[in-house]
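Peer 1: Quick one: sequence plus predicted model below, questions after.
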Amino acid sequence: MPRRLKLYPDRLFPADPEIRAIARELHAEVAGLPIVSPHGHTDPAWFAENAPFGNASELLLIPDHYVFRMLYSQGVPLEALGIGNSGADPRQAWRLFAARYHLFRGTPSRIWLDWVFAEAFGLEVRLDAETSDHYYDAITEALTTEAFRPRALFDRYGIEVIATTESPLDPLDHHRAIRVENGRPGGWQGRVVTAYRPDPVVDPEFEGFRGNLLRFSELTGEDCLSWRGYLAAHHKRRAYFAEMGATSTDHGHPTAQTADLAPGEAEALFRKVSAGEFTPADAELFRAQMLTEMAAMSLADGLVMQLHPGSFRNHNAAVFAQFGRDKGADIPTRTDYVHALKPLLDRFGNERDFRLILFTLDESAYARELAPLAGHYPCLRLGPAWWFHDSPEGMRRFRRMTTETAGFYNTVGFNDDTRAFLSIPARHDVARRIDCGFLAELVAEHRIEDWEAAELARGLAYDLVKQAYRL
(Lines give C-alpha, C1' and ligand atoms only; values in the text may rest on other atoms or scores of the structure.)
Protein backbone atom coordinates (compact mmCIF):
# COMPACT_ATOMS: atom_id res chain seq x y z
CA MET A 1 0.00 0.00 0.00
CA PRO A 2 1.42 3.44 -0.91
CA ARG A 3 2.79 5.50 1.96
CA ARG A 4 1.28 8.87 2.71
CA LEU A 5 3.01 12.07 1.61
CA LYS A 6 2.78 14.74 4.27
CA LEU A 7 4.42 18.10 4.82
CA TYR A 8 4.69 18.78 8.55
CA PRO A 9 3.93 22.40 9.51
CA ASP A 10 6.98 22.58 11.81
CA ARG A 11 9.41 20.97 9.38
CA LEU A 12 13.00 22.22 9.64
CA PHE A 13 12.32 24.17 12.84
CA PRO A 14 14.52 23.42 15.90
CA ALA A 15 13.50 20.38 17.92
CA ASP A 16 13.50 22.25 21.25
CA PRO A 17 9.82 23.09 21.94
CA GLU A 18 10.52 26.61 23.26
CA ILE A 19 12.73 27.56 20.31
CA ARG A 20 10.38 25.89 17.86
CA ALA A 21 7.50 28.02 19.11
CA ILE A 22 9.52 31.20 18.50
CA ALA A 23 10.53 30.00 15.03
CA ARG A 24 6.91 29.21 14.23
CA GLU A 25 5.83 32.75 15.12
CA LEU A 26 8.63 34.35 13.11
CA HIS A 27 7.90 32.20 10.09
CA ALA A 28 4.20 33.03 10.14
CA GLU A 29 5.14 36.67 9.52
CA VAL A 30 7.38 36.01 6.51
CA ALA A 31 5.99 32.87 4.87
CA GLY A 32 3.73 34.88 2.56
CA LEU A 33 6.20 37.57 1.54
CA PRO A 34 6.81 37.93 -2.22
CA ILE A 35 9.69 35.95 -3.72
CA VAL A 36 12.63 37.93 -5.05
CA SER A 37 14.83 35.68 -7.17
CA PRO A 38 17.86 37.79 -8.20
CA HIS A 39 20.01 35.06 -9.70
CA GLY A 40 19.03 31.86 -11.44
CA HIS A 41 19.01 29.92 -14.68
CA THR A 42 15.38 29.51 -15.63
CA ASP A 43 14.65 29.85 -19.33
CA PRO A 44 13.26 33.29 -20.28
CA ALA A 45 11.43 31.60 -23.18
CA TRP A 46 9.10 30.07 -20.60
CA PHE A 47 7.80 33.50 -19.67
CA ALA A 48 7.97 35.07 -23.13
CA GLU A 49 6.06 32.29 -24.87
CA ASN A 50 4.01 30.96 -21.92
CA ALA A 51 3.79 27.56 -23.57
CA PRO A 52 2.75 24.61 -21.38
CA PHE A 53 5.42 22.32 -19.98
CA GLY A 54 5.20 19.02 -21.81
CA ASN A 55 5.26 16.37 -19.08
CA ALA A 56 6.51 15.52 -15.61
CA SER A 57 10.01 14.62 -16.79
CA GLU A 58 10.38 17.79 -18.82
CA LEU A 59 9.37 19.92 -15.85
CA LEU A 60 11.05 18.22 -12.91
CA LEU A 61 13.70 15.79 -14.09
CA ILE A 62 15.55 17.05 -17.17
CA PRO A 63 16.31 20.63 -15.97
CA ASP A 64 17.49 19.61 -12.49
CA HIS A 65 21.13 18.56 -12.31
CA TYR A 66 20.74 17.93 -8.56
CA VAL A 67 18.38 15.11 -9.50
CA PHE A 68 20.06 13.49 -12.47
CA ARG A 69 23.57 13.66 -11.00
CA MET A 70 22.39 11.47 -8.10
CA LEU A 71 20.76 9.00 -10.47
CA TYR A 72 23.90 8.93 -12.62
CA SER A 73 26.00 8.22 -9.51
CA GLN A 74 23.92 5.08 -9.04
CA GLY A 75 24.45 3.84 -12.57
CA VAL A 76 21.49 5.30 -14.47
CA PRO A 77 22.61 6.47 -17.95
CA LEU A 78 21.88 10.15 -18.53
CA GLU A 79 20.49 9.47 -21.98
CA ALA A 80 17.90 7.12 -20.45
CA LEU A 81 16.66 10.09 -18.41
CA GLY A 82 16.26 12.24 -21.52
CA ILE A 83 19.47 14.23 -20.97
CA GLY A 84 20.80 15.07 -24.42
CA ASN A 85 18.42 12.51 -25.87
CA SER A 86 15.13 13.86 -27.19
CA GLY A 87 14.14 10.35 -28.25
CA ALA A 88 13.96 9.02 -24.69
CA ASP A 89 10.53 7.93 -23.46
CA PRO A 90 9.63 10.52 -20.77
CA ARG A 91 7.38 8.08 -18.90
CA GLN A 92 10.12 5.49 -18.76
CA ALA A 93 12.60 8.17 -17.61
CA TRP A 94 10.18 9.07 -14.82
CA ARG A 95 9.90 5.41 -13.83
CA LEU A 96 13.68 5.19 -13.52
CA PHE A 97 13.57 8.24 -11.25
CA ALA A 98 10.59 7.08 -9.19
CA ALA A 99 12.05 3.63 -8.52
CA ARG A 100 15.14 5.33 -7.10
CA TYR A 101 13.51 8.16 -5.20
CA HIS A 102 14.79 6.61 -1.98
CA LEU A 103 18.28 7.71 -3.04
CA PHE A 104 17.33 11.28 -2.14
CA ARG A 105 16.59 10.58 1.54
CA GLY A 106 18.31 13.23 3.67
CA THR A 107 19.09 15.51 0.70
CA PRO A 108 17.66 18.96 -0.02
CA SER A 109 16.32 17.63 -3.33
CA ARG A 110 13.99 15.39 -1.37
CA ILE A 111 12.71 18.37 0.62
CA TRP A 112 12.19 20.51 -2.48
CA LEU A 113 10.53 17.76 -4.51
CA ASP A 114 8.18 16.68 -1.73
CA TRP A 115 7.09 20.32 -1.44
CA VAL A 116 6.42 20.47 -5.18
CA PHE A 117 4.52 17.19 -5.18
CA ALA A 118 2.33 18.13 -2.21
CA GLU A 119 1.92 21.90 -2.57
CA ALA A 120 1.92 22.37 -6.33
CA PHE A 121 0.20 19.18 -7.46
CA GLY A 122 -1.73 18.06 -4.38
CA LEU A 123 -0.33 14.55 -4.42
CA GLU A 124 -1.02 12.58 -1.23
CA VAL A 125 1.08 9.43 -1.61
CA ARG A 126 4.85 9.12 -1.71
CA LEU A 127 6.72 8.67 -4.95
CA ASP A 128 8.10 5.18 -5.58
CA ALA A 129 8.01 2.52 -8.27
CA GLU A 130 4.41 1.62 -7.41
CA THR A 131 3.11 5.20 -7.66
CA SER A 132 5.29 6.27 -10.58
CA ASP A 133 2.59 6.23 -13.26
CA HIS A 134 0.07 7.88 -10.93
CA TYR A 135 2.54 10.73 -10.40
CA TYR A 136 3.45 11.00 -14.06
CA ASP A 137 -0.19 11.10 -15.18
CA ALA A 138 -1.34 13.52 -12.46
CA ILE A 139 1.51 15.95 -13.07
CA THR A 140 1.38 15.73 -16.87
CA GLU A 141 -2.39 16.23 -16.90
CA ALA A 142 -2.10 19.26 -14.61
CA LEU A 143 0.46 20.76 -17.00
CA THR A 144 -2.17 20.88 -19.76
CA THR A 145 -4.22 23.38 -17.75
CA GLU A 146 -3.92 27.16 -17.75
CA ALA A 147 -3.10 27.12 -14.03
CA PHE A 148 0.24 25.42 -14.70
CA ARG A 149 1.51 27.59 -17.51
CA PRO A 150 4.72 29.47 -16.62
CA ARG A 151 3.11 32.89 -16.10
CA ALA A 152 0.31 31.47 -13.96
CA LEU A 153 2.85 29.68 -11.74
CA PHE A 154 4.94 32.86 -11.55
CA ASP A 155 1.88 34.74 -10.26
CA ARG A 156 0.61 31.88 -8.08
CA TYR A 157 3.80 31.75 -6.04
CA GLY A 158 4.09 35.49 -5.58
CA ILE A 159 7.30 35.97 -7.56
CA GLU A 160 7.92 39.70 -7.59
CA VAL A 161 10.98 39.55 -9.83
CA ILE A 162 13.16 36.84 -11.30
CA ALA A 163 16.57 37.25 -12.93
CA THR A 164 17.76 34.82 -15.56
CA THR A 165 21.40 34.62 -16.69
CA GLU A 166 22.57 35.19 -20.26
CA SER A 167 25.83 35.42 -22.17
CA PRO A 168 26.83 38.68 -23.89
CA LEU A 169 26.31 36.74 -27.14
CA ASP A 170 22.62 36.17 -26.39
CA PRO A 171 20.37 38.51 -28.42
CA LEU A 172 17.91 38.68 -25.48
CA ASP A 173 14.95 38.22 -27.83
CA HIS A 174 12.84 36.63 -25.09
CA HIS A 175 13.52 39.46 -22.67
CA ARG A 176 12.60 41.97 -25.35
CA ALA A 177 9.33 40.11 -25.96
CA ILE A 178 8.53 40.13 -22.23
CA ARG A 179 9.12 43.87 -22.04
CA VAL A 180 6.79 44.42 -24.99
CA GLU A 181 4.15 42.31 -23.25
CA ASN A 182 4.65 44.25 -20.01
CA GLY A 183 3.98 47.48 -21.89
CA ARG A 184 0.70 46.40 -23.45
CA PRO A 185 -2.59 47.40 -21.81
CA GLY A 186 -3.83 44.30 -20.03
CA GLY A 187 -0.58 42.49 -20.78
CA TRP A 188 1.22 40.24 -18.35
CA GLN A 189 3.16 42.32 -15.83
CA GLY A 190 5.56 39.73 -14.44
CA ARG A 191 9.03 41.18 -13.96
CA VAL A 192 11.71 39.03 -15.59
CA VAL A 193 15.17 40.57 -15.96
CA THR A 194 18.48 39.31 -17.26
CA ALA A 195 22.01 39.22 -15.77
CA TYR A 196 25.27 39.67 -17.66
CA ARG A 197 27.37 36.48 -17.59
CA PRO A 198 30.46 37.16 -19.75
CA ASP A 199 32.33 33.87 -19.21
CA PRO A 200 32.27 32.78 -22.92
CA VAL A 201 34.12 35.96 -23.93
CA VAL A 202 36.23 36.40 -20.76
CA ASP A 203 37.62 32.91 -20.21
CA PRO A 204 40.26 31.98 -22.82
CA GLU A 205 39.77 28.31 -21.90
CA PHE A 206 36.05 28.43 -22.64
CA GLU A 207 35.36 26.27 -25.68
CA GLY A 208 35.27 28.31 -28.91
CA PHE A 209 36.72 31.41 -27.25
CA ARG A 210 38.18 32.98 -30.40
CA GLY A 211 35.00 32.27 -32.34
CA ASN A 212 33.06 33.87 -29.49
CA LEU A 213 35.17 37.00 -29.85
CA LEU A 214 34.31 37.14 -33.56
CA ARG A 215 30.61 36.82 -32.75
CA PHE A 216 31.07 39.50 -30.09
CA SER A 217 32.46 41.77 -32.83
CA GLU A 218 29.51 41.10 -35.14
CA LEU A 219 27.01 41.76 -32.38
CA THR A 220 28.52 45.04 -31.18
CA GLY A 221 30.15 46.50 -34.27
CA GLU A 222 33.46 46.65 -32.39
CA ASP A 223 36.76 45.00 -33.23
CA CYS A 224 36.90 42.47 -30.41
CA LEU A 225 40.32 41.24 -31.51
CA SER A 226 41.70 44.58 -30.30
CA TRP A 227 41.89 45.44 -26.61
CA ARG A 228 40.18 48.80 -27.04
CA GLY A 229 37.38 47.34 -29.16
CA TYR A 230 36.95 44.40 -26.82
CA LEU A 231 36.42 46.62 -23.78
CA ALA A 232 34.09 48.90 -25.77
CA ALA A 233 32.02 45.85 -26.72
CA HIS A 234 31.56 44.96 -23.06
CA HIS A 235 30.41 48.50 -22.30
CA LYS A 236 27.86 48.31 -25.13
CA ARG A 237 26.46 44.92 -24.15
CA ARG A 238 26.28 45.81 -20.47
CA ALA A 239 24.27 48.91 -21.40
CA TYR A 240 21.93 46.80 -23.52
CA PHE A 241 21.51 44.24 -20.73
CA ALA A 242 20.67 47.08 -18.34
CA GLU A 243 18.06 48.29 -20.84
CA MET A 244 16.57 44.78 -20.70
CA GLY A 245 16.31 45.04 -16.92
CA ALA A 246 19.66 43.73 -15.71
CA THR A 247 20.86 45.01 -12.35
CA SER A 248 23.76 42.56 -11.98
CA THR A 249 26.63 40.74 -13.63
CA ASP A 250 27.72 37.21 -12.81
CA HIS A 251 31.18 35.65 -13.06
CA GLY A 252 31.81 31.93 -12.74
CA HIS A 253 35.59 31.82 -12.58
CA PRO A 254 37.63 28.82 -11.41
CA THR A 255 39.26 30.98 -8.71
CA ALA A 256 38.75 34.37 -7.10
CA GLN A 257 42.05 35.65 -8.47
CA THR A 258 42.12 39.31 -9.53
CA ALA A 259 44.87 41.40 -11.13
CA ASP A 260 45.54 45.07 -11.86
CA LEU A 261 47.93 45.17 -14.77
CA ALA A 262 49.29 48.32 -16.38
CA PRO A 263 47.37 49.18 -19.59
CA GLY A 264 50.20 48.07 -21.86
CA GLU A 265 50.57 44.76 -20.02
CA ALA A 266 46.83 44.11 -20.22
CA GLU A 267 46.81 44.82 -23.95
CA ALA A 268 49.77 42.52 -24.57
CA LEU A 269 48.09 39.75 -22.58
CA PHE A 270 44.89 40.19 -24.59
CA ARG A 271 46.83 39.83 -27.85
CA LYS A 272 48.13 36.46 -26.64
CA VAL A 273 44.80 35.04 -25.50
CA SER A 274 42.83 36.36 -28.49
CA ALA A 275 45.35 34.75 -30.85
CA GLY A 276 45.05 31.43 -29.03
CA GLU A 277 48.73 31.49 -28.06
CA PHE A 278 48.54 31.30 -24.28
CA THR A 279 49.43 29.07 -21.37
CA PRO A 280 47.08 28.09 -18.52
CA ALA A 281 48.84 30.74 -16.41
CA ASP A 282 48.09 33.35 -19.08
CA ALA A 283 44.42 32.31 -19.08
CA GLU A 284 44.23 32.64 -15.29
CA LEU A 285 45.89 36.05 -15.37
CA PHE A 286 43.51 37.26 -18.07
CA ARG A 287 40.47 36.12 -16.12
CA ALA A 288 41.94 37.85 -13.06
CA GLN A 289 42.45 41.08 -14.98
CA MET A 290 38.94 40.95 -16.40
CA LEU A 291 37.41 40.76 -12.93
CA THR A 292 39.10 44.08 -12.15
CA GLU A 293 38.01 45.52 -15.51
CA MET A 294 34.44 44.42 -14.79
CA ALA A 295 34.63 46.03 -11.35
CA ALA A 296 35.59 49.33 -13.00
CA MET A 297 32.64 49.01 -15.35
CA SER A 298 30.30 48.20 -12.46
CA LEU A 299 31.42 51.31 -10.59
CA ALA A 300 30.57 53.31 -13.73
CA ASP A 301 27.24 51.73 -14.71
CA GLY A 302 25.93 50.58 -11.32
CA LEU A 303 25.50 46.88 -12.13
CA VAL A 304 26.02 44.72 -9.05
CA MET A 305 28.86 42.23 -9.52
CA GLN A 306 28.60 38.60 -8.40
CA LEU A 307 31.57 36.24 -8.17
CA HIS A 308 30.95 32.48 -8.05
CA PRO A 309 34.43 30.89 -7.89
CA GLY A 310 35.74 27.56 -6.73
CA SER A 311 34.11 24.99 -8.99
CA PHE A 312 36.11 22.55 -11.05
CA ARG A 313 33.75 22.67 -13.98
CA ASN A 314 32.99 19.61 -16.10
CA HIS A 315 35.18 17.32 -14.00
CA ASN A 316 33.89 14.21 -15.78
CA ALA A 317 35.54 14.50 -19.20
CA ALA A 318 33.45 11.76 -20.79
CA VAL A 319 30.15 13.31 -19.66
CA PHE A 320 31.30 16.73 -20.84
CA ALA A 321 32.31 15.35 -24.25
CA GLN A 322 28.95 13.63 -24.73
CA PHE A 323 26.51 15.99 -23.01
CA GLY A 324 28.25 19.35 -22.68
CA ARG A 325 28.27 21.81 -19.79
CA ASP A 326 26.13 21.85 -16.65
CA LYS A 327 25.45 18.15 -16.42
CA GLY A 328 26.16 17.66 -12.75
CA ALA A 329 29.90 16.98 -12.89
CA ASP A 330 31.12 20.22 -11.31
CA ILE A 331 33.11 19.66 -8.11
CA PRO A 332 34.00 22.20 -5.35
CA THR A 333 37.62 23.19 -4.79
CA ARG A 334 39.58 25.09 -2.12
CA THR A 335 39.41 28.83 -2.71
CA ASP A 336 41.54 31.73 -1.51
CA TYR A 337 39.89 35.15 -1.20
CA VAL A 338 42.20 37.24 0.99
CA HIS A 339 45.16 37.29 -1.38
CA ALA A 340 43.19 36.71 -4.57
CA LEU A 341 40.89 39.72 -4.19
CA LYS A 342 43.51 42.18 -2.96
CA PRO A 343 44.37 43.75 -6.36
CA LEU A 344 40.70 44.46 -7.02
CA LEU A 345 40.05 45.65 -3.46
CA ASP A 346 43.09 47.92 -3.53
CA ARG A 347 41.36 49.82 -6.34
CA PHE A 348 37.68 49.52 -5.47
CA GLY A 349 37.30 48.07 -1.97
CA ASN A 350 36.46 51.42 -0.37
CA GLU A 351 34.01 52.52 -3.07
CA ARG A 352 30.55 52.72 -1.53
CA ASP A 353 28.88 52.88 -4.95
CA PHE A 354 30.47 49.60 -6.07
CA ARG A 355 29.00 46.29 -4.90
CA LEU A 356 30.60 42.86 -5.16
CA ILE A 357 28.71 39.84 -3.85
CA LEU A 358 30.93 36.88 -2.99
CA PHE A 359 29.88 33.24 -3.04
CA THR A 360 31.87 30.16 -2.11
CA LEU A 361 31.88 26.38 -2.33
CA ASP A 362 34.70 26.30 0.24
CA GLU A 363 33.03 26.47 3.63
CA SER A 364 36.41 26.67 5.36
CA ALA A 365 36.63 30.24 4.03
CA TYR A 366 33.45 31.47 5.77
CA ALA A 367 34.88 32.46 9.15
CA ARG A 368 38.55 32.74 8.19
CA GLU A 369 38.26 34.94 5.07
CA LEU A 370 34.81 35.89 3.80
CA ALA A 371 33.18 37.18 6.97
CA PRO A 372 36.20 39.33 7.96
CA LEU A 373 36.44 40.74 4.41
CA ALA A 374 32.73 41.58 4.20
CA GLY A 375 32.85 42.88 7.76
CA HIS A 376 35.35 45.53 6.67
CA TYR A 377 35.17 46.51 2.99
CA PRO A 378 32.17 48.74 2.11
CA CYS A 379 31.84 47.21 -1.36
CA LEU A 380 31.54 43.59 -0.24
CA ARG A 381 28.50 41.48 0.60
CA LEU A 382 28.25 37.74 1.19
CA GLY A 383 25.97 35.67 -1.00
CA PRO A 384 23.99 32.89 0.69
CA ALA A 385 25.03 29.25 1.10
CA TRP A 386 25.47 28.20 -2.50
CA TRP A 387 25.05 25.14 -4.69
CA PHE A 388 26.13 22.06 -2.73
CA HIS A 389 25.55 24.01 0.49
CA ASP A 390 22.07 25.29 -0.47
CA SER A 391 20.65 22.91 2.13
CA PRO A 392 19.32 23.04 5.68
CA GLU A 393 22.67 22.20 7.28
CA GLY A 394 24.59 24.33 4.78
CA MET A 395 22.43 27.35 5.58
CA ARG A 396 22.88 26.83 9.31
CA ARG A 397 26.64 26.52 8.92
CA PHE A 398 26.71 29.72 6.88
CA ARG A 399 24.84 31.72 9.54
CA ARG A 400 26.86 30.28 12.42
CA MET A 401 30.21 30.90 10.75
CA THR A 402 29.62 34.39 9.33
CA THR A 403 27.18 36.24 11.58
CA GLU A 404 29.48 37.04 14.50
CA THR A 405 31.98 38.80 12.20
CA ALA A 406 29.96 40.08 9.23
CA GLY A 407 26.58 40.45 10.92
CA PHE A 408 23.35 39.96 8.99
CA TYR A 409 23.40 43.20 7.05
CA ASN A 410 26.56 42.36 5.11
CA THR A 411 24.72 39.39 3.62
CA VAL A 412 22.15 39.49 0.82
CA GLY A 413 19.28 37.31 1.95
CA PHE A 414 18.61 34.30 -0.25
CA ASN A 415 18.78 33.44 -3.93
CA ASP A 416 17.74 30.12 -5.40
CA ASP A 417 20.20 29.78 -8.34
CA THR A 418 18.11 27.08 -10.04
CA ARG A 419 17.11 25.82 -13.47
CA ALA A 420 14.09 23.93 -12.11
CA PHE A 421 11.22 26.43 -12.01
CA LEU A 422 9.03 24.90 -9.32
CA SER A 423 11.98 24.46 -6.99
CA ILE A 424 12.04 28.26 -6.61
CA PRO A 425 9.17 28.52 -4.06
CA ALA A 426 10.33 25.27 -2.47
CA ARG A 427 13.84 26.59 -1.92
CA HIS A 428 12.62 29.92 -0.55
CA ASP A 429 10.37 28.01 1.86
CA VAL A 430 13.40 26.10 3.16
CA ALA A 431 15.54 29.25 3.47
CA ARG A 432 12.86 31.13 5.40
CA ARG A 433 12.34 28.24 7.81
CA ILE A 434 16.05 27.79 8.48
CA ASP A 435 16.62 31.51 9.04
CA CYS A 436 13.65 31.72 11.38
CA GLY A 437 15.01 28.77 13.33
CA PHE A 438 18.42 30.42 13.63
CA LEU A 439 16.90 33.69 14.78
CA ALA A 440 14.70 31.83 17.27
CA GLU A 441 17.83 30.37 18.87
CA LEU A 442 19.27 33.87 19.31
CA VAL A 443 16.03 35.02 20.94
CA ALA A 444 15.92 32.00 23.26
CA GLU A 445 19.51 32.68 24.31
CA HIS A 446 18.65 36.37 24.90
CA ARG A 447 21.20 37.48 22.31
CA ILE A 448 18.61 39.52 20.40
CA GLU A 449 15.08 40.70 21.26
CA ASP A 450 11.99 39.18 19.69
CA TRP A 451 11.20 42.37 17.79
CA GLU A 452 14.72 42.40 16.37
CA ALA A 453 14.28 38.83 15.21
CA ALA A 454 11.04 39.81 13.49
CA GLU A 455 12.81 42.64 11.64
CA LEU A 456 15.65 40.33 10.67
CA ALA A 457 13.32 37.58 9.47
CA ARG A 458 11.71 39.99 7.04
CA GLY A 459 15.08 41.38 6.02
CA LEU A 460 16.55 37.96 5.27
CA ALA A 461 13.46 36.86 3.35
CA TYR A 462 12.81 40.01 1.34
CA ASP A 463 14.40 43.38 2.12
CA LEU A 464 18.13 42.59 1.99
CA VAL A 465 18.01 40.92 -1.41
CA LYS A 466 16.22 43.89 -2.97
CA GLN A 467 18.72 46.30 -1.48
CA ALA A 468 21.77 44.23 -2.40
CA TYR A 469 20.73 43.68 -6.01
CA ARG A 470 19.32 47.19 -6.46
CA LEU A 471 15.92 45.80 -7.35
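Peer 2: Now that the structure is in, tell me what you want to look at.
Peer 1: Could you report the neighbour count for the closest residue to W46 other than its chain neighbours?
Peer 2: Among residues not flanking W46 along the chain, P150 sits closest, at 4.0 Å (C-beta to C-beta, 6 or more residues apart in numbering). Every residue, glycine included, has its C-beta placed from N, CA and C. The local packing of P150 (other C-beta atoms under 10 Å) involves 23 other residues.
Peer 1: Verify the stated contact: P150 with F47.
Peer 2: Yes - look at P150 against F47 with C-beta atoms under 8 Å: they come within range, at 5.4 Å.
Peer 1: and this structure, what are its domains?
Peer 2: 17-53+146-468, 54-145 (automatic domain parsing).
Peer 1: Out of these, which gets nearest to P9?
Peer 2: Comparison of the domains of the chain against P9 by C-beta to C-beta identifies domain 17-53+146-468 as nearest, at 7.9 Å.
Peer 1: average pLDDT across that closest one?
Peer 2: Computed over domain 17-53+146-468, the mean pLDDT rounds to 97.
Peer 1: Quick one: end-to-end length of that domain, please.
Peer 2: Start-to-end span of domain 17-53+146-468 (C-alpha to C-alpha, to the nearest Å) is 34 Å.
Peer 1: so how far is that domain off the chain centroid?
Peer 2: Taking C-alpha atoms, centre = their mean, to the nearest Å, one finds domain 17-53+146-468 lying 6 Å from the centre of the chain it belongs to.
Peer 1: got a list of what the residue nearest to W46 touches?
Peer 2: 46-47, 50-51, 53, 421 (C-beta atoms under 8 Å, 6 or more residues apart in numbering).
Peer 1: If we use 10 Å, what do you get?
Peer 2: 42-53, 188, 190, 192, 421 (C-beta atoms under 10 Å, 6 or more residues apart in numbering).
Peer 1: just checking, which of these belong to helices?
Peer 2: If you go by DSSP state H, these have 44-49 in helices.
Peer 1: thinking again about what came up before, buried ones only from the contacts of P150, please, as a PyMOL command.
Peer 2: If you want just the buried ones from the contacts of P150 in PyMOL, going by 16 or more other C-beta atoms under 10 Å, the selection is:
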select buried, resi 42+44+46+47+48+50+52+53+188+190+192+421
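Peer 1: Show me which of the contacts of P150 is closest to H27.
Peer 2: Among the contacts of P150, and counting by C-beta to C-beta, the member closest to H27 is F421, at 23.6 Å.
Peer 1: gap between the closest residue to the closest one other than its chain neighbours and A426?
Peer 2: Spatial nearest neighbour of F421, excluding adjacent residues (C-beta to C-beta, 6+ apart): T42 at 5.4 Å. Going from T42 to A426 by C-beta to C-beta, to the nearest Å gives 14 Å.
Peer 1: Mind listing the shared neighbours of P150 and F47?
Peer 2: 188, 190, 192, 421.
Peer 1: Run through the helices of the stretch 1-150 of the chain in chain order.
Peer 2: Here the stretch 1-150 of the chain has its helices, by DSSP state H, counting those that start in this stretch, at 17-30, 44-49, 56, 65-73, 90-98, 108-115, 132-142, 150-156.
Peer 1: May I see those arranged in TSV, with distance to T255 as well?
Peer 2: Shown next, in TSV, are the helices of the stretch 1-150 of the chain (distance: least, C-beta to C-beta, whole Å):
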stretch	distance to T255
helix 17-30	36
helix 44-49	30
helix 56	39
helix 65-73	22
helix 90-98	35
helix 108-115	26
helix 132-142	41
helix 150-156	36
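Peer 1: first to last residue in stretch 60-67, what's the distance?
Peer 2: With C-alpha to C-alpha, one end of stretch 60-67 sits 9 Å from the other.
Peer 1: buried stuff in that stretch?
Peer 2: Here stretch 60-67 shows 60-67 as buried, counting by 16+ other C-beta under 10 Å.
Peer 1: Could you measure from the closest residue to G375 other than its chain neighbours over to L358?
Peer 2: Leaving aside its sequence neighbours, G375 sits nearest to A406 (C-beta to C-beta, 6+ apart; 4.4 Å). A406 sits 11 Å away from L358, going by C-beta to C-beta.
Peer 1: Could you tell me which residues touch both of the two?
Peer 2: 370, 373-374, 380-382.
Peer 1: Just the ones of those in strands?
Peer 2: 380-382 (DSSP state E).
Peer 1: ok, the nearest residue to E79 once chain neighbours are set aside - contacts?
Peer 2: Closest residue to E79 apart from its sequence neighbours, by C-beta to C-beta, 6+ apart: N85 at 4.0 Å. By C-beta under 10 Å, 6+ apart, the residues touching N85 are 62, 77-79, 93, 323.
Peer 1: would CSV of the shared contacts of P150 and F47 with distance to R287 be doable?
Peer 2: Output for the shared contacts of P150 and F47, formatted as CSV (distance: C-beta to C-beta, whole Å):
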residue, distance to R287
W188, 39
G190, 35
V192, 29
F421, 31
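Peer 1: Could you single out the nearest of those to S298?
Peer 2: Using C-beta to C-beta, these come closest to S298 at V192, 21.8 Å.
Peer 1: returning to that earlier point: would you check how far apart the residue nearest to W46 and I178 are?
Peer 2: 11 Å.
Peer 1: can you check P254 too?
Peer 2: When P254 is compared with I178 (using C-beta to C-beta), they lie 33 Å apart.
Peer 1: repeat for F414
Peer 2: 24 Å.
Peer 1: again, but for L231
Peer 2: 29 Å.
Peer 1: Have a look at these two and say which one is more surrounded.
Peer 2: Higher neighbour count among L231 and I178: I178, with 27 against 19, using other C-beta under 10 Å.
Peer 1: In this structure the more buried one contacts G190, no?
Peer 2: Yes - contact status for I178 versus G190: in contact at 7.5 Å, counting by C-beta atoms under 10 Å.
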